[in-house]
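[1] I would like to see how this sequence folds:
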Amino acid sequence: MTLARKLFVFALSLVAVAAAAACRRPVQPLYTIGVLELLESPTTAEVRRGFIRALEEGGLRDGSNIRLDIRNAQNDISQAQRIAQDFAAGGVDLIVAVSTAGLQAVLVAAPRVPVVFTSVANPYLTRAGISPTEHLGNVTGLASTGPIRETLEFIRRVLPRARRVGTLWTPSELNSEYYLELARAAAAELGFEIVAVPVANASEVLLAAQVLINKKIDVIYQISDNTINNSFELIGRIAEENAIPLIGGFLLSTRAGACAAMGWDFFDMGIRTGQIVLRVKKGESPAAIPFQAMSDVKLWLSRTAAERQGVKFPDDVLKQASEIRD
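    Predicted coordinates for the structure are as follows:
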């Protein structure tokens with residue numbers, strides 16, 4: 001056998017040995033992010049869309065260099081708790097908790113797993129921390145306290161004669177109770193009376209809205225919560241039938257019957273959430289990342305809904321709006 005052939009055979013043997021070693025080497029599992037959503041809703045979908053966009057812009061793609069395990073509890077608290085427990089038992093590397101109830105479930109089930117929360121009205125009510133910099137070592141995230149006072153000031157500006165402000169709320173949702181308290185406090189200072197009707201679940205929203213109308217309210221300001229947001233079109237129908245102004249607590253409500261809404265861009269909320277996750281993925285400890293908060297309040301209007309509800313927006317309000325739907 002010639003020297004050249006011997007070298008060729010030797011090289012082939014080295015390749016074979018390397019290939020065999022590679023086959024024996026265990027495959028490293030992908031970095032896994034568990035995403036717990038409380039329910040499917042327009043706002044949840046926007047947060048998810050922004051979150052995935054931020055990950056992709058940061059070089060992370062599901063199935064390529066990370067694995068996303070996105071689960072939805074269908075507005076069932078016990079299911080949210082089971083999902084959180086599954087994430088903890090399954091050894092996910094990080095959990096994203098979308099909503100107050102989602103964060104509550106994760107805090108109990110996964111005290112040692114890095115957690116990034118989002119779309120949470122007040123994380124301090126969940127005992128995740130006591131200030132932006134003093135919080136549980138495995139938890140950080142983005143608070144989304146709604147602009148309650150700003151919205152009531154807007155109502156006073158657009159409807160100066162309004163006195164009785166109606167709203168529905170969900171007693172089982174911590175964030176809903178919190179928003180109702182904020183609304184009552186601001187209303188007292190602005191000369192409003194808050195008329196609140198509770199709902200236990202989505203099936204009660206239509207009847208509760210009819211009850212609210214019968215309480216001789218001047219305007220509906222629907223505070224944001226998971227149960228009611230997902231059934232907002234029912235409130236829009238009642239408002240239109242009774243020509244009662246309807247102001248929403250989240251921007252997308254102007255696409256479901258509200259004549260106006262003040263709040264956050266949930267797609268942007270998802271972007272910012274993803275950016276926090278990128279920091280944790282790169283090795284930054286959640287303990288070192290202060291809680292953040294949404295701050296860019298936007299105003300959306302609907303001309304069609306306003307006309308049907310007897311509302312005329314002044315020119316300065318129209319100029320202030322970042323979206324006006326016909």
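[2] do I have it right that residue 84 meets residue 105?
    Yes: counting by CB atoms under 8 Å, a contact exists between residue 84 and residue 105, whose distance comes to 4.1 Å. Placement of C-beta: from N, CA and C, glycine included.
[3] overlap in contacts of those two?
    Taking CB atoms under 8 Å, 6 or more residues apart in numbering as the contact definition, residue 84 and residue 105 share the neighbouring residues residue 36.
[4] okay, buried residues for stretch 240-260 please.
    240, 242, 244-260 (16 or more other CB atoms under 10 Å).
[5] before we move on, what about stretch 183-200?
    Neighbour count says stretch 183-200 has 183, 184, 186, 187, 192, 194, 195, 196, 197, 199 buried, by 16+ other CB under 10 Å.
[6] next one: stretch 297-314
    Burial within stretch 297-314, assessed by neighbour count using 16+ other CB under 10 Å, is assigned to 297, 298, 299, 300, 301, 302, 305, 306, 308, 309, 311, 313.
[7] which strand residues bridge the fifth one?
    The reference is to residue 301. The partner list for residue 301 in beta bridges (DSSP bridges) reads residue 260, residue 324.
[8] hmm, it is touching residue 320, no?
    No: taking contacts as CB under 8 Å, residue 301 lies outside contact range of residue 320: 9.1 Å.
[9] now do the helices in this protein.
    Secondary structure of the chain (DSSP state H): helices at 3-24, 42-57, 77-90, 100-109, 148-158, 174-190, 205-213, 226-229, 232-242, 266-281, 303-308, 315-320.
[10] what helices or strands is the fourth one leaning on?
    This points to helix 100-109. For helix 100-109, the helices and strands in contact under the criterion 3 or more CB pairs under 8 Å, 6 or more residues apart in numbering; DSSP states H and E are strand 31-37, helix 77-90, strand 94-98, strand 115-120, helix 174-190.
[11] got it, and the second one?
    Other elements packing on helix 42-57 under the criterion 3+ CB pairs under 8 Å, 6+ apart are strand 31-37, strand 66-72, strand 94-98, strand 115-120, helix 266-281.
[12] now tabulate these in JSON lines and tack on mean pLDDT.
    Rendered in JSON lines, the data for the helices and strands packed on helix 42-57 read as follows (pLDDT from 0 to 100):
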{"stretch": "strand 31-37", "mean pLDDT": "98"}
{"stretch": "strand 66-72", "mean pLDDT": "98"}
{"stretch": "strand 94-98", "mean pLDDT": "98"}
{"stretch": "strand 115-120", "mean pLDDT": "97"}
{"stretch": "helix 266-281", "mean pLDDT": "98"}
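[13] take the ones you listed and write them to TSV, including mean neighbour count and distance to residue 88.
    Output for those, formatted as TSV (neighbours: other CB atoms under 10 Å; distance: least, CB to CB, whole Å):
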stretch	mean neighbour count	distance to residue 88
strand 31-37	23	9
strand 66-72	17	12
strand 94-98	28	8
strand 115-120	29	10
helix 266-281	22	17
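[14] in JSON lines, list the ones you listed along with distance to residue 217.
    Supplementary listing: the helices and strands packed on helix 42-57 in JSON lines, determined by distance: least, CB to CB, whole Å:
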{"stretch": "strand 31-37", "distance to residue 217": "32"}
{"stretch": "strand 66-72", "distance to residue 217": "34"}
{"stretch": "strand 94-98", "distance to residue 217": "32"}
{"stretch": "strand 115-120", "distance to residue 217": "28"}
{"stretch": "helix 266-281", "distance to residue 217": "28"}
